[in-house]
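> What follows is a predicted structure for the sequence shown.
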Amino acid sequence: MTQACVPFTNNAAENSIRMTKVHQKISGCFRSTKGAEIFCRVRGYLSTCRKQGLSATQAMTLVFEGKLPEFAL
């Protein structure tokens, strides 16, 4: 590899989708397509915020205040 900043494995990508699979395994399925879309949207937002150094609490506080995180501006 010529770029050291690119991770050698795809573990980060696998970890990002793990909770969706765990939810599906525990409950058996999502009750509706809309519910699955909402779940994925929230998980994606929280995952992105975590990767940018923002805690889930801080990220959700911003949502309820109607604000965007600094990295999204």
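Noted; the coordinates are in hand.
> what about the host helix or strand of T48, average pLDDT?
Using DSSP states H and E, T48 falls within helix 33-51. For helix 33-51, the mean pLDDT works out to 89.
> Check stretch 60-73 too.
Stretch 60-73 shows a mean pLDDT of 92 in the predicted model.
> Now it: buried residues?
Applying a neighbour-count criterion of 16 or more other Cβ atoms under 10 Å, the buried positions in stretch 60-73 are 62, 69. (C-beta placed from N, C-alpha, C; glycine too.)
> So what would you say the end-to-end distance of that stretch is?
Stretch 60-73 stretches 17 Å from its first residue to its last (Cα to Cα, to the nearest Å).
> Run through who's touching that stretch.
Residues outside stretch 60-73 that contact it (Cβ atoms under 8 Å, 6 or more residues apart in numbering): 45-46, 49, 52, 54, 59.
> Of those, which is the most crowded?
Top of the contacts of stretch 60-73 by neighbour number is C49, holding 20 neighbours under the definition other Cβ atoms under 10 Å.
> thinking again about what came up before, residues of the helix holding T48 that come out buried?
Of all the residues in helix 33-51, those buried under the rule 16+ other Cβ under 10 Å are 43, 45-47, 49.
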